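Novice: Return atomic coordinates for the entry below.
(2 chains)
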Amino acid sequence: MVSSIIRIKRGFDVRLAGPPAAAVADVPPSATVAVCPGEFAGLRPRLKVKEGDAVRRGTPLLEDKAVAGFQLCAPAAGTVAAIEYGERRAIRRIVIRRGASDEAEALPRLGAGGTAGLAREAILENLKATGYLSLIRQRPLSRMADPAVTPKSIFVNGMNTAPFAPDLHVVVRGQEDAFQAGLDILGRLTAGRVYLCLGPEAEGDGPAVNGARNVEIRRFSGPHPSGNTSVHIHLVDAISPGDRVWAVKGVDVVRIGRLFLDGAPPATRIVSLAGPGVRDGARRHYRVGEGTDLASLLADRLAGASLRVVAGDALGGERVAADGSLPFLAGGLTVLREDPERRFLGWMAPGFGQYSASALFPSRWLSTRKAWDLGTNLNGGHRAMVATGLYDRVLPMNILVDQLVRAVLAHDVEEAVQLGLLEVDPEDFALCSFVCPSKTDLVGIIRKGLDEAAAEGL
Amino acid sequence: MKFILEFMEKKVKPLYGPGGRLSRLFPLYEAGDTFLFTPAETTSGPPHVRDALDMKRYMIVVIAALMPCLLFGIYNAGRQYDVVNQTGLSAFGHNLYEGALLVLPIVIVSYVVGGLWEVLFAVVRKHEINEGFLVTGLLFPLTLPPTTPLWQVALGITFGVVVGKEIFGGTGFNVLNPALTGRAFLFFAYPAQITGDGVWTKVADASHVVEGFTGATPLAIAGQVGAGEGLVPALERAGFTLKSMALGLEGGSIGETSLIPILLGAAVLLLTGVGAWRIMAGGVLGVSALAVLIDLVSGPDAKPFAHLPFYYHFAMGSFAFGIVFMATDPVSAAATRAGKWIYGFLIGALTVLIRVVNPAYPEGVMLSILFMNIMAPLIDHYVVQVHIRRRAAYLRSFRHA
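Specialist: This next block holds a predicted model:
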């Protein structure tokens, strides 16, 4: 319960327009819901249902050939309407048409004794059997938690410094019991501590978050990426070779808690919908069905014709199809304007309408409060990497970014590990890539580096 | 501007695009096209939004920072010409005119010849034309005497671009600063046109020069002063005070004589963050520290530079120009923060060392920077090794007992 604040100076807040309001609105359930196995890296699916089968909420749809016991389950009750295949017969989507009732499977649930009566193995089995284990990520390498591992600590991320992520306090409101139950469950999974990482205390904070029990609260202030899990771990309980740390998003703790309180995967959850591509007044939090059709969430809520829907935040998220379904792992959606516009003599123009973290544009010197309607323009061409020193200004970790990136590019995994590869996640490099004048894809480079390190068995 | 865009898209692009008659010259089209309009490319993955800063903007800031030096260099070259040759035309406008006649051909030849090589390598290697050349192409002429023959300019920039940069793989991979490499080449290949007293000012008619004109620069005078003699009085006899040398209305390489435009350029580089302040600060510290140290340990009959007050070093020669514009080239400099301090400090210290130990040597800063360019990867290597050790210790501190 010790609360201390860690001040972070390095970083940069991208002042993207259109943050989500704290209000929560209900979205009526869509006619179909879907599960996309492609979302789960490393999954080797074996189907357990066929088209036409009746399923309940929580009925296993497929199991993983890689991690024994790991399954993906139906997010709602109904019938399997379609199993869609993509390239090389990979299962792209399993679509379920909702039935009249929303019956759920009966899974283990917390009794009166709380988590004390639940064995660690039973918890892990339930997390695997429902697919909820994928909400717990393991460092190093940022993969799904390995159930065979006992992590030295677990980090719960309750911050949202990236543009944009749901506000934990908003999501927990009305679900205080589930949040605390989720934290208690996590406490059973580690021999060490559960750290709840939060921003500075603010008005409107929920008591269930600020007063969470059985966790150590750590507070961080400062610009993005002060809210990134890698930064929290680095400053609170850094990863040495051989260490394993688990990390969970705060909003997902509510889902895990719900799973164990209800004895079934929750039918709904709260996500954020934000960004310049969302219509005024529609940027807020929504209670939506798991796996819901995005069309039902996005219809009438977007502004503009050519838009990009990103699962997650504008910096680290992944593009999703607007006619797809709600990704299981994303906490929210950010909608951006596609912007292929070409500006005349852009290199020479003063650039009052351009946004930059650098001092080379007026945006740095003029208004510091203005929000920017940023589109997806690359704002330049790809060039050779030049060691400008800009990267180090936006990653508040004891890491030399230029050197780490070069070691990864040279496939020198050993040196990359010495330089901190095992402490990072690709999302940490999104801001470095944002400021890069050579427009280098640092996120992709680090992702490949982590894959290589994983292939070497680290 | 839309009609230009449409013209480029409809008429020009097909020529250079795949299957077009000039498709081999696509990098040239890309350069011209993105010179006119920012690229239409959108982000392919995270991050989905990007900073407005690109390499073009980055390099243009360096060009802008160099503009005061170029303009002052033009004015100064013309003024020296008018004064020394007693043209009787001392108006500011005429100074500029004469200076432009001297300097602009050098700049143009540098850009045209260097640009041709840049385009050739881009076409052969099938990569974009890197904007870094725009800086090299202007830095190089500013390091030359205004009387440099144009064929030597062409040869120098060729050597700088090809040997200094392209054979290493182009921008981002070069070890040496290309502009300085070109200058060093001319310095060793054609010393008669780049050193000595006769190259800094154009003399139209040797029988009609102003009385007492020798053409010697402050550094050259320092080389002729005997041991034990005071350097400051010797400089003053030749008409060089600290103030006049800082002002820089004197003979010298085109861009380096005056501190004022250099400091203006430095301010631009520092305010925008494009120039590494650690390198500049390290250089100033290096000069000051070694000059003071040598002053303290030298006897009364030491070489003349030994007892020169340290701040004279900033006004004399090209140290200021070198440390602000050459040493801060991000590709050939040290990349780590600590490395930048060390790199800058050693450039400053080496410059003073060369001046003191071998005053007959016309200028040490060029070779100091080139030498430290070569040393920069080594400095970075040791900085990174220390970093790795410290990181390991930091991680160990979290080990549960």
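
Novice: after the longest helix seen in chain B comes which helix or strand?
Specialist: As assigned by DSSP state H, the longest helix anywhere in chain B is helix B:92-125. Counting by DSSP states H and E, the next helix or strand C-terminal to helix B:92-125 is helix B:132-142.

Novice: and that following helix, average pLDDT?
Specialist: Averaging pLDDT along helix B:132-142 yields 93.

Novice: how about that helix: buried residues?
Specialist: Within helix B:132-142, the residues scored as buried using 16 or more other CB atoms under 10 Å in any protein chain shown are B:132-142. Every C-beta, even on glycine, is put in place using the N, C-alpha and C of the backbone.

Novice: Need the contact partners of that helix.
Specialist: A:386, B:55, B:59-60, B:62-63, B:66, B:69-70, B:73, B:103, B:106-107, B:110-111, B:114-115, B:118, B:153, B:156-157, B:160-161, B:165, B:171, B:178-179, B:182-183, B:253-256, B:321, B:325-326, B:329, B:331 (CB atoms under 8 Å, 6 or more residues apart in numbering or on different chains).

Novice: hmm, back to that, looking at the buried residues of helix B:132-142, which is nearest chain A?
Specialist: Using CB to the nearest CB, residue B:132 comes nearest to chain A of the buried residues of helix B:132-142, at 7.7 Å.

Novice: returning to that earlier point: and the buried residues of helix B:132-142 as a markdown table, adding distance to residue A:258?
Specialist: Output for these, formatted as a markdown table (distance: CB to CB, whole Å):
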| residue | distance to residue A:258 |
| --- | --- |
| B:132 | 56 |
| B:133 | 60 |
| B:134 | 59 |
| B:135 | 59 |
| B:136 | 62 |
| B:137 | 64 |
| B:138 | 64 |
| B:139 | 64 |
| B:140 | 68 |
| B:141 | 70 |
| B:142 | 68 |
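
Novice: what's the angle between the longest helix of chain B and helix B:132-142?
Specialist: Relative orientation of helix B:92-125 versus helix B:132-142 (axes from the mean of the first three to the mean of the last three CA atoms, to 10 degrees): 140 degrees.

Novice: by contact count, what packs against helix B:92-125?
Specialist: When contacts are defined as 3 or more CB pairs under 8 Å, 6 or more residues apart in numbering or on different chains; DSSP states H and E, helix B:92-125 packs onto helix B:26-36, helix B:55-84, helix B:132-142, helix B:150-162.

Novice: Out of the ones you listed, which gets the lowest mean score?
Specialist: Lowest mean pLDDT within the helices and strands packed on helix B:92-125: helix B:26-36, a mean of 81.

Novice: Tell me where the stretch 101-250 of chain A has helices.
Specialist: Using DSSP state H, counting those that start in this stretch, the helices of the stretch 101-250 of chain A run over residues A:120-130, A:168-172, A:176-187, A:207-210, A:229-236, A:250-262.

Novice: Compare the ones you listed and report which one is nearest to residue B:275.
Specialist: Closest approach to residue B:275 among the helices of the stretch 101-250 of chain A (CB to CB): helix A:229-236, 29.0 Å.

Novice: pretty sure residue B:265 is in a helix, no?
Specialist: Yes. Residue B:265: assigned to a helix according to DSSP: H, G, I helix; E, B strand; the rest coil.

Novice: and it, how many neighbours does it have?
Specialist: By other CB atoms under 10 Å in any protein chain shown, the residues close to residue B:265 number 24.

Novice: Just give the number of residues close to the residue nearest to it when sequence neighbours are not counted.
Specialist: Nearest non-adjacent residue to residue B:265, counting by CB to CB, 6 or more residues apart in numbering or on different chains: residue B:65, 3.9 Å away. Counted with other CB under 10 Å, residues neighbouring residue B:65 total 26.

Novice: pLDDT value on the closest residue to chain A within the stretch 301-401 of chain B, please?
Specialist: Distance from chain A to each residue of the stretch 301-401 of chain B (CB to the nearest CB) is smallest for residue B:335, at 3.9 Å. For residue B:335, the pLDDT comes out at 93.

Novice: Equivalent analysis for the one 3 residues further on, please.
Specialist: With respect to pLDDT, residue B:338 scores 95.

Novice: is it fair to say it lies in a helix?
Specialist: Yes. Counting by three-state DSSP, residue B:338 falls inside a helix.

Novice: for residue A:369, what are its contacts?
Specialist: Residue A:369 sits next to residue A:15 when contact means CB under 8 Å, 6+ apart.

Novice: Name the residues of the helix or strand of chain A with the lowest mean pLDDT that are buried.
Specialist: Lowest on mean pLDDT, DSSP states H and E among the helices and strands of chain A sits helix A:362-365, with a mean of 83. By neighbour count with 16+ other CB under 10 Å, helix A:362-365 contains the buried residues residue A:363.

Novice: can you list contacts of that helix?
Specialist: Contact partners of helix A:362-365, identified using CB under 8 Å, 6+ apart, comprise A:350-352, A:354-359, A:370, A:372, B:52.

Novice: Just name the closest of the residues you listed to residue B:365, please.
Specialist: residue A:359 (27.7 Å).

Novice: Pull the number of nearby residues for the closest one.
Specialist: Residue neighbour count, defined by other CB under 10 Å, stands at 16 for residue A:359.

Novice: Pull the number of nearby residues for the residue nearest to it when sequence neighbours are not counted.
Specialist: Among residues not flanking residue A:359 along the chain, residue B:272 sits closest, at 4.7 Å (CB to CB, 6+ apart). Other residues near residue B:272 come to 20 when the count uses other CB under 10 Å.

Novice: What are the phi and psi values at residue B:272?
Specialist: Residue B:272 adopts backbone torsions of phi -80, psi -10, taken as degrees, to the nearest 10.

Novice: Could you check the pLDDT of residue A:207?
Specialist: 90.

Novice: which residues does it contact?
Specialist: residue A:176.

Novice: again, but for residue A:101
Specialist: residue A:77.

Novice: remind me which residues of chain A are low pLDDT?
Specialist: Within chain A, the segments meeting pLDDT under 70 span A:1-3, A:112-113, A:367.

Novice: one more time with 80, if that's ok
Specialist: Across chain A, residues meeting the criterion (pLDDT under 80) sit at A:1-4, A:110-117, A:346-348, A:366-369, A:458.

Novice: Now the residue most central in space within it: closest residue in space, sequence neighbours ignored.
Specialist: With distances taken as CA atoms, centre = their mean, residue A:330 lies nearest the centre of chain A, 5.0 Å away. Computed as CB to CB, 6+ apart, the closest residue to residue A:330 that is not its neighbour in sequence is residue A:311, at 3.7 Å.
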